[in-house]
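> fold the following and give me the result.
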Amino acid sequence: MDLKLFLLTFIPLFVAIDSKGLVPLYLGLTESIDKDKKSRLVFNAAITAFVICVAFRFIGKEQFGFIGITVNDFRIAGGIVLLSVTHKNTP
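Predicted coordinates for the structure are as follows:
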């Protein structure tokens with residue numbers, strides 16, 4: 001795996017997700033849940049996200065081809081999403 005390609009892919013996604021902005025939302029939604037259930041919830045969410053990522057890694061192109069989306073269509077849509085996210089965060 002090419003580390004440079006991984007970083008060029010990961011960094012924009014990390015910026016777009018806005019993890020610091022999601023912390024208050026997570027804390028507000030889980031304040032009434034006890035600690036054991038909260039840790040189980042976080043674990044299940046992480047496993048689910050991992051499984052989805054791995055599944056798309058292996059069947060993503062076939063699934064996009066089935067519904068008629070090309071790689072370039074996906075790139076354009078991703079660029080529009082990143083543009084709109086970064087546009088909202090600029091003063």
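> from here on, just use CA atoms for contacts and neighbour counts.
Fine.
> any idea how far the strand or helix carrying F56 is from the chain center?
Secondary-structure assignment from DSSP states H and E places F56 in helix 35-67. Mean C-alpha position of helix 35-67 versus that of the full chain (CA atoms, centre = their mean, to the nearest Å) differs by 10 Å.
> report the buried residues of that helix.
Of all the residues in helix 35-67, not one is buried under the rule 16 or more other CA atoms under 10 Å.
> tell me which strands and helices the strand or helix carrying I80 is in contact with?
Taking DSSP H and E as the criterion, I80 maps to helix 71-89. Applying 3 or more CA pairs under 8 Å, 6 or more residues apart in numbering; DSSP states H and E, one finds that helix 71-89 contacts helix 3-17.
> give the next helix or strand downstream of the helix it packs on.
Downstream of helix 3-17, the first helix or strand assigned by DSSP H and E is helix 19-30.
> which stretches of the protein have low pLDDT?
1, 11-12, 14-16, 85-91 (pLDDT under 70).
> kindly recompute the last result at 50.
The model of the chain has no residue with pLDDT under 50.
> list the helices and strands the helix holding F56 packs on?
By 3+ CA pairs under 8 Å, 6+ apart, helix 35-67 packs against no helix or strand.
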